[in-house]
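Q: how does the following fold in three dimensions:
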Amino acid sequence: MARPNLAEQFVILLRVGIWVLIKEKEYFLSFEDFPYFKDQTLNSIQNVQLPQGYHLYWPDLDIDLEIDNLENPEKYPLKSAIQKKRSNHSHSRAAARS
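A: Numbering: from 1, shown residues only. Here you go, the predicted model:
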């Protein structure tokens, strides 16, 4: 069985997000928009594959992202459930203080 193509290069910005270089294009994934990467290990984030040439797969994290999500984020307005829980929790705290 052939091994999936690996993404070419990965650069980590520890406080705000990660950069990934795919087919000579750079993409930034902020931890605000992609919170499921924030508390992961460097090895698990760097272990990224490009199985069919149009999506990224992190096998250690079981995360799939189509490159189109990164190129056209306005087409994909849904946010991670992790982020939704955080914002609901913050809102309920603010309401409780009022």
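
Q: what pairs with Ser30 across the strands?
A: Here Ser30 sits in beta bridges with Gly17, going by DSSP bridges.

Q: average pLDDT across stretch 35-43?
A: Mean pLDDT, stretch 35-43: 90.

Q: first to last residue in it, what's the distance?
A: End-to-end distance for stretch 35-43: 17 Å, by CA to CA, to the nearest Å.

Q: ok, stretch 58-74 next?
A: Stretch 58-74 has its terminal residues 23 Å apart, counting by CA to CA.

Q: which positions within that stretch qualify as buried?
A: Buried positions in stretch 58-74, judged by neighbour count with 16 or more other CB atoms under 10 Å: 58, 63, 65, 67, 69-70. For the C-beta atoms, the positions are set from N, CA and C on the backbone; glycine is no exception.

Q: what's the answer for stretch 46-59, then?
A: Here stretch 46-59 shows 46-50, 56-58 as buried, counting by 16+ other CB under 10 Å.

Q: of those residues, which belong to strands?
A: Taking DSSP state E, the ones among the buried residues of stretch 46-59 that sit in strands are 49-50, 56-58.

Q: which pair in these spans the largest distance?
A: Taking CB to CB, the two most distant members of those are Leu50 and Trp58; they sit 11.0 Å apart.

Q: still on that earlier bit, in a markdown table: the buried residues of stretch 58-74, plus secondary structure, pLDDT and distance to Phe31.
A: Shown next, in a markdown table, are the buried residues of stretch 58-74 (DSSP: H, G, I helix; E, B strand; the rest coil; pLDDT from 0 to 100; distance: CB to CB, whole Å):
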| residue | secondary structure | pLDDT | distance to Phe31 |
| --- | --- | --- | --- |
| Trp58 | strand | 94 | 15 |
| Ile63 | strand | 94 | 13 |
| Leu65 | strand | 92 | 14 |
| Ile67 | helix | 92 | 19 |
| Asn69 | helix | 91 | 16 |
| Leu70 | helix | 90 | 15 |
